[in-house]
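Asker: Model the following, please.
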Amino acid sequence: MKEILYKLFERQYLSKEEAENVLSNIAQSKYSNEQVASLITVFLMRSITVNELLGFQQALLKMRVPVDLDGLKVMDIVGTGGDGKNTFNISTCSCFVVAASGYPVVKHGNYGATSVSGASNVIDQHGVKFTKDIDKIKESINKTGIAYLHAPFFSPALKAVAPIRKSLAVRTFFNMLGPLVNPCLPTYQLLGVYNLPLLRLYSYMYQASGTKYAVVHSLDGYDEISLTSTFKVANSFNEKVYEPEDLGFKRAKEEDLFGGNTPEDAAKIFDNVLMNKASESQKNVVITNSAFAINIICPEKSIQECISEARETLESGKALATFKKFVEFNS
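Answerer: Sure, this is the predicted structure:
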């Protein structure tokens with residue numbers, strides 16, 4: 001590791017092979033916490049390259065516990081995190097809206113490292129027991145339309161660095177890797193990123209992988225469609241800039257999306273959205289992210305049609321029913 005760190009301190013870049021080897025060694029606990037923290041710090045001070053990200057991704061995918069879904073095409077909705085906004089669990093909430101709309105979802109997530117509540121926090125809050133039993137995961141999809149993959153169960157490197165990430169409490173390149181290493185390799189993915197360079201980087205990665213995707217970024221820094229500002233969406237076909245008003249929504253305020261100070265606070269907002277008791281801004285942001293996810297699966301539908309579909313699913317109670325069924329089956 002010493003040679004790698006010196007190379008990085010001299011502002012050189014890792015080859016794909018070097019990056020893959022480094023992450024493999026991290027997973028096998030061959031480095032001290034201080035060395036791993038130093039490595040993480042380098043990537044806080046400069047942008048990661050495509051080759052470095054590809055190498056890290058390759059290492060995690062080689063070591064993952066694979067989840068074979070027998071060809072079933074599923075969706076994942078995820079943000080990189082690290083935007084410093086501490087929102088409630090928008091992407092996780094959207095997953096249940098999409099699943100309740102009839103599109104199978106496999107959500108890959110973890111406990112929050114840079115926010116109060118990550119996907120695993122809010123799922124755990126409701127008594128769900130995480131599993132790596134592939135048969136149970138498949139049955140969850142068949143019976144409820146959705147399954148949840150707790151990242152440390154499937155990616156040993158993520159488990160190995162969890163305490164370091166938590167103690168640093170800042171975004172790291174592991175935030176960037178999480179969306180790329182869903183062990184079931186979903187056909188469809190909606191990804192939120194916290195800046196425009198990452199939007200372009202991920203677009204390149206997805207184009208190379210063949211995943212049907214949309215990468216979204218709100219220009220005021222959110223790693224999701226926040227409706228607080230202009231936002232950009234890049235997909236397999238084009239890049240487009242939207243204003244919230246273009247979609248018929250009032251502009252939200254940052255405080256409207258705040259997730260609170262504890263995981264319990266965030267879980268309460270999550271529940272209120274699914275129960276159709278949340279504020280207009282909280283509801284609208286979930287509907288919008290759900291709509292853009294549905295549009296990846298059904299590109300023949302207009303965004304307005306997808307918004308109407310997501311709204312009907314949420315306001316009719318179907319999303320809440322799906323969530324209750326998921327909790328009951330997985331508890």
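Asker: Check which residues of the helix or strand bottoming out on mean pLDDT in the chain are buried.
Answerer: Considering only helices and strands, the least confidently modelled element of the chain by mean pLDDT, DSSP states H and E is helix 156-168, at a mean of 75. Taking 16 or more other Cβ atoms under 10 Å as the neighbour-count basis, helix 156-168 is seen to contain the buried residues Pro156, Ala157, Leu158, Ala160, Val161, Ala162, Ile164, Arg165, Leu168. Any C-beta I mention is one placed from the backbone N, CA and C, and that applies to glycine too.
Asker: Distance from the chain centre to that helix, please.
Answerer: In terms of Cα atoms, centre = their mean, to the nearest Å, the centre of helix 156-168 is set 17 Å apart from its chain centre.
Asker: Who are the packing partners of that helix?
Answerer: When contacts are defined as 3 or more Cβ pairs under 8 Å, 6 or more residues apart in numbering; DSSP states H and E, helix 156-168 packs onto helix 16-27, helix 33-45, helix 50-63, helix 151-154, helix 173-177.
Asker: out of the ones you listed, deepest packed?
Answerer: helix 173-177 (a mean of 23; mean count of other Cβ atoms under 10 Å).
Asker: Just the C-alphas of that one, formatted as PDB.
Answerer: Below are the C-alpha coordinates for helix 173-177, written out as PDB (Å, rounded to 0.1, in the frame of the first residue of the first chain):
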ATOM      1  CA  PHE A 173     -15.400   6.600  -3.500                       C
ATOM      2  CA  PHE A 174     -17.400   3.800  -1.900                       C
ATOM      3  CA  ASN A 175     -20.500   6.100  -2.400                       C
ATOM      4  CA  MET A 176     -19.700   6.000  -6.100                       C
ATOM      5  CA  LEU A 177     -19.300   2.200  -6.100                       C
END
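Asker: Starting from whichever helix or strand comes after that helix, tell me which strands it pairs with and how they run.
Answerer: In the C-terminal direction, the helix or strand that comes right after helix 173-177 (DSSP states H and E) is strand 188-192. For strand 188-192, sheet partners with direction are given as strand 75-79 (parallel), strand 212-218 (parallel), following DSSP bridges.
Asker: And for strand 188-192, what's in contact with it?
Answerer: Outside of strand 188-192, the residues within contact range by Cβ atoms under 8 Å, 6 or more residues apart in numbering are 73-80, 91, 94, 179, 182, 202, 206, 211-217, 222-225, 289, 292-293, 296-297.
Asker: Buried among the residues you listed? Make that a PyMOL selection.
Answerer: Selecting only the buried members of the contacts of strand 188-192 in PyMOL, with burial defined as 16+ other Cβ under 10 Å, works like this:
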select buried, resi 74+75+76+77+78+79+80+91+94+179+182+202+206+211+212+213+214+215+216+217+222+223+224+225+289+292+293+296+297
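Asker: chain center to stretch 147-162, what's the gap?
Answerer: Here stretch 147-162 shows a centroid-to-chain-centroid distance of 13 Å under the convention Cα atoms, centre = their mean.
Asker: if we look at it, which residues are touching it?
Answerer: With contact meaning Cβ under 8 Å, 6+ apart, stretch 147-162 is reached by 23-24, 26-27, 29, 36, 59-60, 63-65, 67, 105-111, 113, 119-120, 123, 128, 130-132, 137-138, 140-141, 174, 177-178, 181-184, 326, 330.
Asker: Now the buried members of these.
Answerer: Buried members of the contacts of stretch 147-162, counted by 16+ other Cβ under 10 Å: 23-24, 26-27, 36, 59-60, 63-64, 67, 105-111, 113, 119-120, 123, 128, 131, 137-138, 140-141, 174, 177-178, 181-184, 326, 330.
Asker: Identify, from the buried residues of helix 156-168, the entry nearest to Gly55.
Answerer: Using Cβ to Cβ, the shortest approach to Gly55 within those belongs to Ala157, at 12.4 Å.
Asker: For that closest one, which non-adjacent residue is spatially closest?
Answerer: For Ala157, ignoring the flanking residues on the chain, the nearest one in space by Cβ to Cβ, 6 or more residues apart in numbering is Ala27 at 3.7 Å.
Asker: check contacts around that neighbour.
Answerer: By Cβ under 8 Å, 6+ apart, Ala27 lies in contact with Ala59, Leu60, Met63, Pro156, Ala157, Ala160.
Asker: The third one reaches Ser24, doesn't it?
Answerer: Yes. Taking contact to mean Cβ atoms under 8 Å, the distance of 7.0 Å between Met63 and Ser24 places them in contact.
Asker: So the residue nearest the centre of the chain versus Leu158, what's the distance?
Answerer: For the chain, Val78 is the residue whose C-alpha lies nearest the centre (Cα atoms, centre = their mean; 1.9 Å). The span separating Val78 from Leu158 equals 13 Å under the rule Cβ to Cβ, to the nearest Å.
Asker: Which of the helices and strands packed on helix 156-168 sits closest to Leu314?
Answerer: For the helices and strands packed on helix 156-168, proximity to Leu314 was assessed by Cβ to Cβ; helix 151-154 is nearest, at 26.5 Å.
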